[in-house]
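> okay, structure incoming, though there's no sequence with it:
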(Lines give C-alpha, C1' and ligand atoms only; values in the text may rest on other atoms or scores of the structure.)
Protein backbone atom coordinates (compact mmCIF):
# COMPACT_ATOMS: atom_id res chain seq x y z
CA UNK A 1 0.00 0.00 0.00
CA UNK A 2 2.81 2.42 0.88
CA UNK A 3 4.64 2.08 -2.48
CA UNK A 4 1.34 2.34 -4.39
CA UNK A 5 0.57 5.57 -2.56
CA UNK A 6 4.02 7.00 -3.34
CA UNK A 7 3.87 6.07 -7.04
CA UNK A 8 0.27 7.06 -7.53
CA UNK A 9 0.89 10.51 -6.03
CA UNK A 10 4.44 11.11 -7.31
CA UNK A 11 5.83 13.88 -9.51
CA UNK A 12 2.90 13.69 -11.93
CA UNK A 13 0.46 13.89 -9.01
CA UNK A 14 -0.91 10.46 -9.97
CA UNK A 15 -2.00 11.78 -13.35
CA UNK A 16 -0.33 8.99 -15.35
CA UNK A 17 0.01 6.21 -12.78
CA UNK A 18 -3.03 4.10 -13.67
CA UNK A 19 -2.63 4.48 -17.43
CA UNK A 20 1.11 3.93 -17.79
CA UNK A 21 2.72 2.62 -14.59
CA UNK A 22 0.19 0.33 -12.93
CA UNK A 23 0.17 -2.19 -15.85
CA UNK A 24 3.97 -2.68 -15.66
CA UNK A 25 5.03 -6.03 -14.23
CA UNK A 26 8.40 -7.41 -13.25
CA UNK A 27 10.19 -9.57 -15.80
CA UNK A 28 9.65 -13.26 -15.07
CA UNK A 29 12.14 -14.53 -17.69
CA UNK A 30 15.65 -15.36 -16.48
CA UNK A 31 18.38 -13.56 -18.49
CA UNK A 32 22.08 -14.41 -18.25
CA UNK A 33 23.37 -10.85 -18.78
CA UNK A 34 27.01 -11.84 -18.21
CA UNK A 35 26.99 -14.11 -21.26
CA UNK A 36 25.60 -11.43 -23.60
CA UNK A 37 27.72 -9.11 -25.75
CA UNK A 38 26.48 -5.66 -24.75
CA UNK A 39 29.40 -3.74 -26.23
CA UNK A 40 27.05 -2.05 -28.72
CA UNK A 41 25.75 -0.05 -25.76
CA UNK A 42 29.09 1.69 -25.25
CA UNK A 43 28.82 5.38 -26.02
CA UNK A 44 31.07 5.36 -29.07
CA UNK A 45 29.16 2.45 -30.69
CA UNK A 46 25.57 3.11 -29.66
CA UNK A 47 24.79 6.00 -32.02
CA UNK A 48 25.84 3.95 -35.07
CA UNK A 49 23.87 0.93 -33.81
CA UNK A 50 20.78 3.07 -33.24
CA UNK A 51 21.15 4.80 -36.64
CA UNK A 52 21.40 1.40 -38.34
CA UNK A 53 18.15 0.24 -36.71
CA UNK A 54 16.42 3.45 -37.73
CA UNK A 55 17.67 3.24 -41.32
CA UNK A 56 16.26 -0.28 -41.70
CA UNK A 57 12.82 0.71 -40.37
CA UNK A 58 10.09 1.24 -42.97
CA UNK A 59 8.97 4.90 -43.20
CA UNK A 60 5.24 5.38 -42.55
CA UNK A 61 3.44 8.61 -43.46
CA UNK A 62 -0.09 9.97 -43.14
CA UNK A 63 -2.83 10.37 -40.59
CA UNK A 64 -3.56 6.62 -40.38
CA UNK A 65 -0.13 5.79 -38.97
CA UNK A 66 -1.45 3.23 -36.48
CA UNK A 67 -3.18 1.16 -39.14
CA UNK A 68 -0.19 1.34 -41.45
CA UNK A 69 2.27 0.46 -38.67
CA UNK A 70 0.15 -2.51 -37.65
CA UNK A 71 0.08 -3.87 -41.22
CA UNK A 72 3.83 -3.67 -41.86
CA UNK A 73 6.13 -6.53 -40.97
CA UNK A 74 9.21 -5.31 -39.16
CA UNK A 75 10.13 -1.99 -37.59
CA UNK A 76 8.55 1.28 -38.75
CA UNK A 77 9.46 4.94 -38.42
CA UNK A 78 7.07 7.85 -38.29
CA UNK A 79 8.25 11.46 -38.46
CA UNK A 80 6.80 14.23 -36.32
CA UNK A 81 7.22 17.96 -36.94
CA UNK A 82 6.73 19.42 -33.47
CA UNK A 83 5.16 18.77 -30.07
CA UNK A 84 1.56 18.99 -31.27
CA UNK A 85 2.27 16.61 -34.16
CA UNK A 86 4.03 14.24 -31.73
CA UNK A 87 1.01 14.34 -29.41
CA UNK A 88 -1.39 13.68 -32.31
CA UNK A 89 0.59 10.60 -33.35
CA UNK A 90 1.14 9.24 -29.84
CA UNK A 91 -2.54 9.63 -28.98
CA UNK A 92 -3.30 7.19 -31.82
CA UNK A 93 -0.97 4.65 -30.24
CA UNK A 94 -2.04 5.39 -26.66
CA UNK A 95 1.50 6.02 -25.44
CA UNK A 96 2.99 8.51 -22.99
CA UNK A 97 3.06 12.05 -24.43
CA UNK A 98 5.06 13.96 -21.85
CA UNK A 99 7.69 16.49 -22.93
CA UNK A 100 10.49 17.71 -20.72
CA UNK A 101 12.89 20.53 -21.53
CA UNK A 102 11.64 20.77 -25.13
CA UNK A 103 11.94 17.09 -26.07
CA UNK A 104 9.74 14.01 -25.63
CA UNK A 105 10.48 12.04 -22.49
CA UNK A 106 12.68 9.00 -23.24
CA UNK A 107 13.86 10.43 -26.59
CA UNK A 108 17.36 9.76 -27.90
CA UNK A 109 18.38 12.40 -30.46
CA UNK A 110 14.68 13.26 -30.72
CA UNK A 111 13.63 9.66 -31.42
CA UNK A 112 11.18 7.81 -29.17
CA UNK A 113 11.08 4.03 -29.56
CA UNK A 114 8.33 1.71 -28.40
CA UNK A 115 6.82 -1.63 -29.32
CA UNK A 116 3.29 -1.72 -30.61
CA UNK A 117 1.23 -4.90 -30.09
CA UNK A 118 4.05 -7.10 -31.46
CA UNK A 119 7.82 -7.31 -31.30
CA UNK A 120 8.12 -4.70 -34.06
CA UNK A 121 9.53 -1.36 -33.00
CA UNK A 122 7.98 1.98 -33.79
CA UNK A 123 10.44 4.88 -34.06
CA UNK A 124 8.91 8.35 -33.70
CA UNK A 125 11.46 10.57 -35.41
CA UNK A 126 11.90 14.28 -34.71
CA UNK A 127 12.56 16.93 -37.37
CA UNK A 128 16.34 17.00 -36.76
CA UNK A 129 16.84 13.38 -35.66
CA UNK A 130 18.14 11.90 -38.91
CA UNK A 131 20.71 14.68 -39.26
CA UNK A 132 21.83 14.30 -35.62
CA UNK A 133 22.30 10.56 -36.19
CA UNK A 134 24.23 11.08 -39.43
CA UNK A 135 21.50 9.57 -41.62
CA UNK A 136 20.94 11.11 -45.05
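That came through, no problem. Predicted, not measured: the structure shown is a model, and the values here were computed from it.
> for this structure, just list every one of the strands.
The residue ranges that make up the strands of the chain, judged by DSSP state E, are 58-60, 76-79, 99-100, 103-104, 111-115, 121-125.
> what's around residue 34, how many residues?
6 (other CB atoms under 10 Å). Where C-beta positions appear, they are placed from N, C-alpha and C, glycine not excepted.
> low pLDDT regions in the protein?
Across the chain, residues meeting the criterion (pLDDT under 70) sit at 1-16, 20.
> give me the contact list for the longest helix belonging to the chain.
Counting residues, the longest helix found in the chain (DSSP state H) is helix 43-56. Helix 43-56 is contacted from outside by 39-40, 74-75, 77, 108-109, 111, 121, 123, 125, 129-130, 133-135, using CB atoms under 8 Å, 6 or more residues apart in numbering.
> stretch 116-129 now?
For stretch 116-129, the surrounding residues in contact (CB under 8 Å, 6+ apart) are 53-54, 57, 66, 69-70, 72-82, 86, 89-90, 93, 103-104, 107, 109-115.
> okay, how far is it across that stretch, tip to tip?
Criterion CA to CA, to the nearest Å; first-to-last residue distance in stretch 116-129 is 21 Å.
> center of this protein, which residue is that?
The central residue of the chain, meaning the one whose C-alpha is nearest the mean C-alpha position (CA atoms, centre = their mean), is residue 113 at 2.3 Å.
> so who does that residue touch?
Contacts of residue 113 were listed using CB under 8 Å, 6+ apart, and they are 106, 121-124.
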